[in-house]
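> Below is the sequence, then the predicted model.
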Amino acid sequence: MLYEYSRRQKKRSIEGVSSVTDGGSRHSSMTSSSLPAELKELIAEYRRSNPEHGFKKIQDHLKSKHLVVVTRKQIREVLKEHSLLEKLDSSFDREPEPAKGTRRFEAKYPGQLFQMDVTYVYITGIPVLYLVVIVDDHSRFCVASGLCSDQRGTTLIEVLHNACVNHGKPVKLLTDQGRGFYTWSMERTAFQKYLDDMKIEHIVSDSHSPQTCGKVERLIQTIKKELLLKVRFGSYEEARRGIIDYIKSYNFERPHQGIDGARPSDRFYGVIGETSRIESVLSGRSLDLSKGYLVYKIHDRTLSVVYDQEGLQVFLDGKLLREGCGYDT
């Protein structure tokens, strides 16, 4: 039913009745009454589970997860119908404005720069824990995390080493001036010595400038807000498993507004062009919920498996493979 809606919407767009985006100059005549009941309930249920997410995040979720394109105006009307409209403007989805004088930056490619930080985690009945998080600056992909009993240099090294083993070492690493990372004395910390051995350039942010490590700080605050402050964990293992599951969903399922609604994994593994191409095709066709796609990155080659009304199709680097493994040219 959701994919049938996508087909109808694409047809109306071609006929000039409406636009599937909010940026057009023409006024859209489509309202929430044109949406299937299943889609309305999907929108309402998502808002109940994620009350802090606005129209843009809901829109990105529907397109990424269900291949359905819905305007923000329609989302607003559905939320209003279900008494779930808390704000009148979707602008509360936007990233917080940086402090005055802050300079935005982004690494040019995955692995050029990692950001690393530590925060406190409090669980009832358990001594204070420390959540260590490392994020790839270019893609926002979380390359490693650890729920640790301390924040000593050896502990930080272990988390970073896991990131290097699993995803390759970065060219540069950005941290704050935490004592596990850095010291003002002549003697270098164990963490700094590890970076020297690994030939990783260490960039240290200025004092009292958390905006410099803004991407990893942002993820940490999101984990706290959406997980640690919502779920009452009964043990260390429950909390550790909960954080792992949350980060997996963040990396591979959740659209990120900082990278135009793409998933961090798509950008990190270099398949964002292929996933966007497939989604643009599937979201405009009449499909059922059993149909979708998978994308694999194998060294410098991209293999895609798509299932739609034409059946199972396999693409290599965006080109359709015929039976017998030949290119469809």
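Received the coordinates, thanks.
> On the three-state scheme, A144 is what?
strand (DSSP: H, G, I helix; E, B strand; the rest coil).
> Work out for me the element the closest residue in space to it that isn't next to it in sequence sits within.
Residue nearest to A144 in three dimensions, not counting chain neighbours: A163, with 3.5 Å by C-beta to C-beta, 6 or more residues apart in numbering. In short, each C-beta sits where N, CA and C put it, glycine included. A163 is located in helix 153-167, with elements delineated by DSSP states H and E.
> on contacts alone, who are the packing partners of that helix?
In terms of contacts (3 or more C-beta pairs under 8 Å, 6 or more residues apart in numbering; DSSP states H and E), helix 153-167 is packed against strand 113-123, strand 126-136, strand 142-148, helix 190-198.
> Adding mean pLDDT, write those out as JSON lines.
What follows is the helices and strands packed on helix 153-167, written out as JSON lines (pLDDT from 0 to 100):
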{"stretch": "strand 113-123", "mean pLDDT": "94"}
{"stretch": "strand 126-136", "mean pLDDT": "95"}
{"stretch": "strand 142-148", "mean pLDDT": "97"}
{"stretch": "helix 190-198", "mean pLDDT": "95"}
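> Can you say which of the ones you listed is nearest to A44?
Across the helices and strands packed on helix 153-167, A44 has its closest neighbour in strand 142-148 (29.3 Å, C-beta to C-beta).
> Direction included, what does the closest one pair up with?
strand 126-136 (antiparallel) (DSSP bridges).
> buried set for the helix holding A163?
153, 155-157, 159-160, 163-164, 167 (16 or more other C-beta atoms under 10 Å).
> Phi first, then psi, for the residue in the chain sticking out farthest from the centre.
The centre of the chain is farthest from one residue, M186, which by C-alpha atoms, centre = their mean lies 39.8 Å away. Note on M186: backbone dihedrals following degrees, to the nearest 10 are phi -70, psi -30.
> That one and Y293, how far apart?
Using C-beta to C-beta, to the nearest Å, M186 is found at 56 Å from Y293.
> mind giving me the domain ranges of this protein?
Under automatic domain parsing, the residue ranges defining each domain of the chain are 2-93, 113-254, 270-320.
> between these, which gets the lowest average pLDDT?
Mean pLDDT across those is lowest at domain 2-93; the value there is a mean of 66.
> The stretch 151-300 of the chain: strands as residue ranges?
Along the stretch 151-300 of the chain, the segments classed as strands by DSSP state E, counting those that start in this stretch run 172-175, 201-204, 292-298.
> Out of those strands, which is closest to S34?
Comparing the strands of the stretch 151-300 of the chain against S34 with C-beta to C-beta, the closest turns out to be strand 292-298 (24.2 Å).
> Would you mind listing the buried residues in that closest one?
By neighbour count with 16+ other C-beta under 10 Å, strand 292-298 contains the buried residues 292-293, 295.
> now those residues in a markdown table, with distance to V128?
Listed next are the buried residues of strand 292-298 as a markdown table, based on distance: C-beta to C-beta, whole Å:
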| residue | distance to V128 |
| --- | --- |
| G292 | 43 |
| Y293 | 44 |
| V295 | 41 |
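> quick one: which of these is nearest A190?
Nearest to A190 among those: V295, at 39.7 Å, using C-beta to C-beta.
> for that closest one, which residues make a bridge with it?
V295 forms beta bridges with S304, as assigned by DSSP bridges.
> Okay, it and G258: tell me how far apart.
With C-beta to C-beta as the criterion, V295 and G258 are 21 Å apart.
> same deal with T124?
33 Å.
> How about V165?
Relative to G258, and taking C-beta to C-beta, V165 is found at 26 Å.
> quick one, what contacts K215?
115, 135, 137, 140, 258 (C-beta atoms under 8 Å, 6 or more residues apart in numbering).
> try 7 Å
Neighbouring residues of K215 by C-beta atoms under 7 Å, 6 or more residues apart in numbering: 115, 135, 137, 140.
> any idea how far the nearest residue to the second one once chain neighbours are set aside is from K63?
Just to be clear, that refers to V135. Excluding its sequence neighbours, the residue lying closest to V135 (C-beta to C-beta, 6+ apart) is V216, at 4.4 Å. Counting by C-beta to C-beta, the gap from V216 to K63 is 27 Å.
> Comparing these two, which residue is more hemmed in?
Counted by other C-beta atoms under 10 Å, V216 and K63 do not tie: V216 has more neighbours, with 26 against 19.
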